[in-house]
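*Asks:* Here is the input, now give the coordinates:
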Amino acid sequence: MRPRFIPIVLLAFVSTVSAQSAPAATDSANETSIPSLLEHIQRLEKRVSELEDNQRKQAAAQANMTPPAAPERPAMAEPPKPEYPTSAPEVREAEIHYPSLQIRGFGDVDFSATDEKGRTSGFDLGQFDLHFASPLSQKVSYFGEVSFTARPNTYDLQVERTIIRYDYNDHAKISFGKYHTPISYWNTAFHHGAWLQTTIDRPEMVRIGTPFIPIHFVGLLAEGNVPSGGLGLGYSVGLGNGRSTILSRAGDSGDANNNRAWVASVFARPARFYGLQFGGAVYRDKLSPEHGPNLSEWITSGHVVWAKERPEFISEFANVHHHEINSNHTFNSQAFYVQLAYRLPWLENKWKPYYRFEYIHRPQSEPSPDISDLVGSTLGMRYDITNYAAFKAEYRNSRRGIDEPRINGVFLQTAFTF
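*Replies:* Numbers count the residues shown, from 1 in each chain. Predicted coordinates for the structure are as follows:
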């Protein structure tokens, strides 16, 4: 904004020039015109000051997005309502709408070569997986997961998870549908989609399609956090269908018998040691397998995890107790694994070597034929091409059964998310 003295100087300059160009006047006339000129300059100065004040008020009103201040009212009177609504409520309404569907996808392409007899080497498409998430209201949400798995003559389509959940508060969340059974840390931390996990495959005890523990669970689940200060306790309790007559599958279309399965887990995440988690779980069911006797099943498990990348440490143990209902025969199968990884701090943090040892023991009298002994090691390297794609390479050495030979293999994978 121009200083106020500029118009005054200009007026004085114009007046002087006009006076010099006009005919000469008497001294008395000049003395009479000087006071009137000063008075005119004062009026102009006052007008400029009024214009500057008016411009300042308009600028302040535009910055605050509010009308100019109204005249003062009595102290007890209510403030006047604005002549027009502010834009903030309209923006909030535009951001919140239900439902709001979001889709996330995962895929991988694999290569394998082993010295196992009868197994061919080559490429194959891994599991193509889609996640669907949508809030239905402020406290109700839906989540779904479907997978496509390549078979010799077709693709196998599976509904892996479908969950509707009501979040009453942070301590109580109730949901219904199909879950990954909270009997294992890996089973609930790394879902379908190989990009999510460090390694190419899951540990054998939680591998999809194996019956050592129930991977999926159909029913209702309550979960939340327990007020515990810095200990960070959490829980989950579920009731639903048990395993199908094929023990590696869940009871999607109904339970195999009139006995419901239940599961309960508890874990701690101490605030002082961010990344640390430890806990345990219990699972109870009655099995009616397609082949073999009816069994009662107790599964107990525990885990210790350091969920960081420098280092990453995951360890789990599970005991599967089976009891023949029509006899006194009991069987206990145990499994555990230990996985260690470390994100290297150089080369843009893209390299992550890892190692995993796993073990499964199955009694020879165990009636479930799909469970087998295992002692195996996996050594690998993960390279993150981008934040959404990774390349993995592994060497595995394993032995199934006491009298079986060891198997060596090289496995490669490109995993990605979109």
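
*Asks:* can I see the domain layout of this structure?
*Replies:* For the chain, automatic domain parsing gives the domain ranges 5-64, 99-417.

*Asks:* JSON lines please, covering the ones you listed and showing mean pLDDT and mean neighbour count.
*Replies:* Placement of C-beta: from N, CA and C, glycine included. Shown next, in JSON lines, are those (pLDDT from 0 to 100; neighbours: other CB atoms under 10 Å):
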{"stretch": "domain 5-64", "mean pLDDT": "51", "mean neighbour count": "11"}
{"stretch": "domain 99-417", "mean pLDDT": "95", "mean neighbour count": "17"}
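
*Asks:* end to end, how far does stretch 96-105 reach?
*Replies:* One end of stretch 96-105 sits 24 Å from the other (CA to CA, to the nearest Å).

*Asks:* just how off-centre is it within its chain?
*Replies:* In terms of CA atoms, centre = their mean, to the nearest Å, the centre of stretch 96-105 is found 14 Å from the chain centre.

*Asks:* Give me the contact list for that stretch.
*Replies:* Stretch 96-105 has contacts (CB atoms under 8 Å, 6 or more residues apart in numbering) with 128-137, 142, 417-418.

*Asks:* do stretch 262-282 as well
*Replies:* With contact meaning CB under 8 Å, 6+ apart, stretch 262-282 is reached by 181-185, 217, 228, 230-240, 283-285, 298-308.

*Asks:* Can you get me the start-to-end distance on it?
*Replies:* Terminal residues of stretch 262-282 are spaced 8 Å apart (CA to CA).

*Asks:* Kindly report the same for stretch 383-391.
*Replies:* Stretch 383-391 has its terminal residues 5 Å apart, counting by CA to CA.

*Asks:* and G230, which of the three is it?
*Replies:* Here G230 is recorded as helix under DSSP: H, G, I helix; E, B strand; the rest coil.

*Asks:* Could you check how far the closest residue to it other than its chain neighbours is from A390?
*Replies:* Computed as CB to CB, 6 or more residues apart in numbering, the closest residue to G230 that is not its neighbour in sequence is A271, at 4.2 Å. Per CB to CB, to the nearest Å, A271 is found 30 Å from A390.

*Asks:* now swap in T245 and tell me
*Replies:* Relative to A390, T245 is positioned 38 Å away (CB to CB).

*Asks:* ok, now G240?
*Replies:* Where A390 is concerned, G240 sits at a distance of 34 Å (CB to CB).

*Asks:* what does G401 give?
*Replies:* Look at G401 and A390: by CB to CB, they are 33 Å apart.

*Asks:* in its sheet, what does the longest strand seen in the chain sit against?
*Replies:* Taking DSSP state E as the criterion, the chain has its longest strand at strand 155-169. Strand 155-169 sits in its sheet next to strand 140-150 (antiparallel), strand 172-180 (antiparallel), going by DSSP bridges.

*Asks:* can you put those strands in CSV and add distance to S121?
*Replies:* Listed next are the strands paired with strand 155-169 as CSV, based on distance: least, CB to CB, whole Å:
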stretch, distance to S121
strand 140-150, 16
strand 172-180, 31
